[in-house]
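Q: Here is a sequence with its predicted model. Questions after.
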Amino acid sequence: MAILTISREFGSGGREIGQAVAKLLNYEYVEKQNILADLKAAGGKWEKWGKDLDEHCPTLWEKHDWSFRGFSALVQSFILDHALKGRVVIMGRGGNFLLRGIPPAFSVRIVAPVEKRLERTMLRESVDRETAKWLIERTDSERECFIRSVYSKKWDDPTEYDMVADTGVNSEDEIVKTLHAILLEKQRFDSEIETLRIRADAARVKAGLLTNPRIFVPTLDVFYDKHGLVLRGIVHNPGEHKAVEEEAKKLAGDLPLKCELHYRGKHQP
């Protein structure tokens, strides 16, 4: 069950490489439309939020709004769920950060010289050079800001990826062949998915809390500490503490859950 995540500069050929690898290995190809379908299935206004916020630089207001936090948590949960199925190519949205250290996962960033990106964008989008330049700058800026807002990471830091491939140096076919060989090798880690399963469980609980309109906790995280899930956050009063803990236990089901909620202000013990 190998997993490939692809981060790409706009016009670099990352999309085409991802599609080619998925077709060659008969893997699922997960991109924007898959995430929007997941958001639609989640109900409410999440599909609309997805169309507005996906790989979009949030405004200061949006960044701290309940909807953006819920949207981000849902997207991360969906990406991990897709990864858990294995045999998948996941495009963008910080998949490399979510799957770092998972044995069957491999992350690649696709880049290209600006001139090559301009040529590709003019051909693919049927636009003139100035429009292509605007599209490249705008899309790259939005994606960089989205990653920084959600993960507090630098989008273009090569140390965040297993490999950086330049389509100005190697052809798309060469990169596809390289990734094909790497993924075949990664498939031997089929049984090493327990860490991924736990991350997916933690992300599911976190998304459930952050999308619950009855719960508003400004600071909240759910993660695994080798003994079970840990719920950590800041609440305002005992009533809020009880509501969050009860909902988290309900979402966690049979999974062990340690509650580390702390009080802010006058209710602090």
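A: Perfect, thanks for sending it.
Q: Dig out what Phe106 forms beta bridges with.
A: Here Phe106 sits in beta bridges with Leu4, going by DSSP bridges.
Q: From Asp162, how far off is it?
A: Counting by Cβ to Cβ, to the nearest Å, the gap from Phe106 to Asp162 is 5 Å. Backbone N, C-alpha and C define where each C-beta goes, glycine included.
Q: Show me which of the two is the more surrounded one.
A: Phe106 (21 against 14; other Cβ atoms under 10 Å).
Q: contacts for the helix or strand bottoming out on mean pLDDT in the chain?
A: Ranked by mean pLDDT, DSSP states H and E, the helix or strand of the chain with the weakest confidence is helix 60-63, at a mean of 78. By Cβ atoms under 8 Å, 6 or more residues apart in numbering, the list of residues contacting helix 60-63 from outside reads Leu53, Phe68, Ser149.
Q: And those, which is closest to Thr131?
A: Closest approach to Thr131 among these (Cβ to Cβ): Leu53, at 24.1 Å.
Q: gap between the closest residue in space to that closest one that isn't next to it in sequence and Glu62?
A: In space, not counting the residues next to it along the chain, Leu53 is nearest to Phe71; the distance is 5.3 Å by Cβ to Cβ, 6 or more residues apart in numbering. Distance, Phe71 to Glu62, by Cβ to Cβ: 9 Å.
Q: Can you pull the residues that touch both of those two?
A: Counting by Cβ under 8 Å, 6+ apart, the shared contacts of Phe71 and Glu62 are Leu53.
Q: Pick out whichever of the two has more residues nearby.
A: Neighbour tally, Phe71 and Glu62, criterion other Cβ under 10 Å: the higher count belongs to Phe71, 28 against 17.
Q: Going by residue numbers, what spans are helices in the stretch 151-269 of the chain?
A: 172-186, 194-210, 238-252 (DSSP state H, counting those that start in this stretch).
Q: Just the CA coordinates for the longest one, please, in PDB.
A: The C-alpha coordinates for helix 194-210 follow below in PDB (Å, rounded to 0.1, in the frame of the first residue of the first chain):
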ATOM      1  CA  GLU A 194      -0.400   1.400  12.500                       C
ATOM      2  CA  THR A 195       1.000   4.800  13.000                       C
ATOM      3  CA  LEU A 196      -1.000   6.000  10.000                       C
ATOM      4  CA  ARG A 197      -4.200   4.500  11.400                       C
ATOM      5  CA  ILE A 198      -3.700   6.300  14.800                       C
ATOM      6  CA  ARG A 199      -3.000   9.600  13.000                       C
ATOM      7  CA  ALA A 200      -6.200   9.200  11.100                       C
ATOM      8  CA  ASP A 201      -8.200   8.400  14.300                       C
ATOM      9  CA  ALA A 202      -6.700  11.500  16.000                       C
ATOM     10  CA  ALA A 203      -7.500  13.700  13.000                       C
ATOM     11  CA  ARG A 204     -11.100  12.300  12.800                       C
ATOM     12  CA  VAL A 205     -11.700  13.200  16.500                       C
ATOM     13  CA  LYS A 206     -10.200  16.600  16.100                       C
ATOM     14  CA  ALA A 207     -12.300  17.300  13.000                       C
ATOM     15  CA  GLY A 208     -15.400  16.100  14.800                       C
ATOM     16  CA  LEU A 209     -14.800  18.600  17.600                       C
ATOM     17  CA  LEU A 210     -13.800  21.600  15.400                       C
END
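Q: Spit out the contact partners of the residue nearest to Leu53.
A: Counted by Cβ under 8 Å, 6+ apart, Phe71 has contacts Leu39, Trp46, Trp49, Gly50, Leu53.
Q: Name the residues of the one helix or strand Leu39 maps to that come out as buried.
A: Assigned by DSSP states H and E, Leu39 belongs to helix 32-42. By 16 or more other Cβ atoms under 10 Å, the buried positions in helix 32-42 come out as Asn34, Ile35, Leu36, Asp38, Leu39, Ala42.
Q: can you redo these as a markdown table with distance to Ile193 and pLDDT?
A: Formatted as a markdown table, these follow (distance: Cβ to Cβ, whole Å; pLDDT from 0 to 100):
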| residue | distance to Ile193 | pLDDT |
| --- | --- | --- |
| Asn34 | 20 | 93 |
| Ile35 | 21 | 92 |
| Leu36 | 26 | 91 |
| Asp38 | 20 | 93 |
| Leu39 | 25 | 91 |
| Ala42 | 24 | 87 |
